[in-house]
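Novice: Quick one, fold the following:
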Amino acid sequence: MPGVVAGEWWHRLPDNRLQCDLCPRNCKLRAGQRGFCFVREARPEGMVLTSYGRASGFCIDPIEKKPLNHFFPGSSVLSFGTAGCNLGCKFCQNWDISKAGENDRLTDWAGPEAVARAAERANCRSIAFTYNDPVIFAEYAIDCAIAAHERGLKTVAVSAGYMNPAARQDFYRHIDAANIDLKAFSDGFYRSLCFARLQPVLDTLAWLHRETQVWLEVTTLLIPGQNDSESEIDRLCVWFHEHLGPDVPLHFTAFHPDFKLRNLPPTPPAALRRAQNQARQSGLHYVYTGNIHDPAGQSTRCPGCGQELIGRDRYLLVDWHIDAGGNCQFCGARVPGHFESRPGNWGGGRQRITVAS
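Specialist: Next up, the predicted model:
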């Protein structure tokens with residue numbers, strides 16, 4: 001049955017409060033109190049997760065929607081989230097989920113085996129923990145990942161990367177691919193607009209690239225006047241190249257006014273293309289635009305010969321010149337990622353499904 005399960009990653013303080021060790025907030029709670037994320041609660045017996053097995057809905061998406069452009073392109077992914085979040089982003093575009101109490105939005109429930117069976121029946125290539133940050137429902141996500149792997153399915157985490165080292169290691173042991181939101185390259189931005197800090201996110205990114213086999217892509221949502229200056233993009237790209245290298249894909253995506261930042265304009269397409277050009281000129285090989293219609297900016301080109309290898313029109317694949325080994329069919333250059341001899345054929349649509357418990 002869904003609901004409350006014993007939580008991991010906590011310890012008891014001398015004054016009998018419980019400290020949650022899952023993320024850098026390190027919430028210190030008395031019995032009956034909930035953490036910033038709202039779904040982790042202190043009880044006399046210990047920390048509990050209150051949203052296990054409960055979801056805000058299940059959908060089949062194209063993998064490119066995560067966004068992951070180098071992880072089985074064209075394939076379908078069973079996507080779901082729960083409620084709550086351990087960041088407080090004023091620009092959250094899933095705020096109705098991330099800022100909800102679990103009883104407000106969690107209308108579906110399913111155990112890990114049911115989730116894996118549903119993905120298998122739907123011929124999905126993978127399962128994605130997304131919509132809100134899977135960090136806060138890590139116990140449920142890990143159990144779903146184990147069930148998925150037993151059926152030969154891959155697992156994907158879409159996260160802000162705000163996680164403590166011990167929990168991070170336990171979580172990503174079960175994850176095959178991740179897209180991490182690098183909200184900005186300014187600690188001031190993180191503090192004022194996300195109620196968080198930049199350095200733990202950078203630590204997660206560097207650790208994922210250096211210490212794991214998790215396929216990694218990174219997304220930065222460009223917000224006009226907040227994190228889109230040329231100097232900030234330059235700093236981001238210098239750090240990115242030094243710590244992640246030139247071959248980790250970077251996505252610049254468009255902001256639209258939402259939640260508590262409705263007074264700002266949408267991101268102009270020109271700003272995304274300018275950031276993309278900056279990143280490419282800095283030496284990054286795979287830089288994409290998102291949340292706009294920009295086939296040229298969303299297609300994959302060979303860094304060796306410049307030919308288009310994967311053509312994209314939003315989430316629809318329209319061209320394919322890459323083999324199962326990830327090699328360019330024009331010049332033979334290796335493109336990092338996970339590819340098959342032919343792309344998936346899911347298309348660009350989203351399908352809501354019911355997962356039988």
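Novice: Next one, pLDDT for residue 2 please.
Specialist: pLDDT, residue 2: 59.
Novice: Need the residues that contact the helix or strand where residue 149 lies.
Specialist: Residue 149 is part of helix 138-150, with elements assigned from DSSP states H and E. Contact with helix 138-150 is made by 5, 7-9, 22, 49, 51-53, 82, 112-113, 115-116, 119, 126-127, 129, 134, 154-155, 157, 167, 170-171, 174-175, as judged by C-beta atoms under 8 Å, 6 or more residues apart in numbering. To be clear about C-beta, it is placed using only N, CA and C from the backbone, and glycine gets the same treatment.
Novice: If we use 7 Å, what do you get?
Specialist: 5, 7-8, 22, 49, 52-53, 112-113, 115-116, 119, 127, 129, 134, 155, 167, 171, 174-175 (C-beta atoms under 7 Å, 6 or more residues apart in numbering).
Novice: so what does the next helix or strand after it touch, helix or strand wise?
Specialist: Toward the C-terminal end, the helix or strand that comes next after helix 138-150 (DSSP H and E) is strand 154-159. Secondary-structure packing of strand 154-159 (3 or more C-beta pairs under 7 Å, 6 or more residues apart in numbering; DSSP states H and E): strand 126-129, strand 177-181.
Novice: Tell me which entries of the contacts of helix 138-150 lie within helices.
Specialist: Among those, the ones falling in helices (DSSP state H) are 112-113, 115-116, 119, 167, 171.
Novice: filter these to the buried ones?
Specialist: 112-113, 115-116, 119, 167, 171 (16 or more other C-beta atoms under 10 Å).
Novice: Tell me which two of these sit farthest apart.
Specialist: 119 and 167 (24.7 Å; C-beta to C-beta).
Novice: part of a helix, is residue 183?
Specialist: No - assessed with DSSP: H, G, I helix; E, B strand; the rest coil, residue 183 is coil; it does not lie in a helix.
Novice: How about it, nearest residue that isn't a chain neighbour?
Specialist: Take residue 183 and drop its neighbours on the chain: the residue closest to it by C-beta to C-beta, 6 or more residues apart in numbering is residue 194, 5.7 Å away.
Novice: OK, contacts around that neighbour?
Specialist: Contacts of residue 194 by C-beta under 7 Å, 6+ apart are 87-89, 183.
Novice: give me that answer again for 8 Å
Specialist: 87-90, 160, 183.
Novice: where's it relative to residue 146, distance?
Specialist: In this structure, residue 194 and residue 146 are 31 Å apart, going by C-beta to C-beta, to the nearest Å.
Novice: in what helix or strand does residue 310 lie?
Specialist: Here residue 310 is assigned to strand 308-313, by DSSP H and E.
Novice: Adjacent strands (with direction) for that strand?
Specialist: Strands that pair with strand 308-313, judged by DSSP bridges, come out as strand 300-301 (antiparallel), strand 316-320 (antiparallel).
Novice: Please state the offset of the longest one from the chain centre?
Specialist: The chain centre lies 23 Å from the centre of strand 316-320; the measure is C-alpha atoms, centre = their mean, to the nearest Å.
Novice: what's in contact with the host helix or strand of residue 239?
Specialist: Assigned by DSSP H and E, residue 239 falls within helix 230-243. The contact list for helix 230-243, computed with C-beta under 8 Å, 6+ apart, reads 182, 184-186, 202, 205-206, 209, 218, 220, 248, 250, 274-275, 278-279, 282-284.
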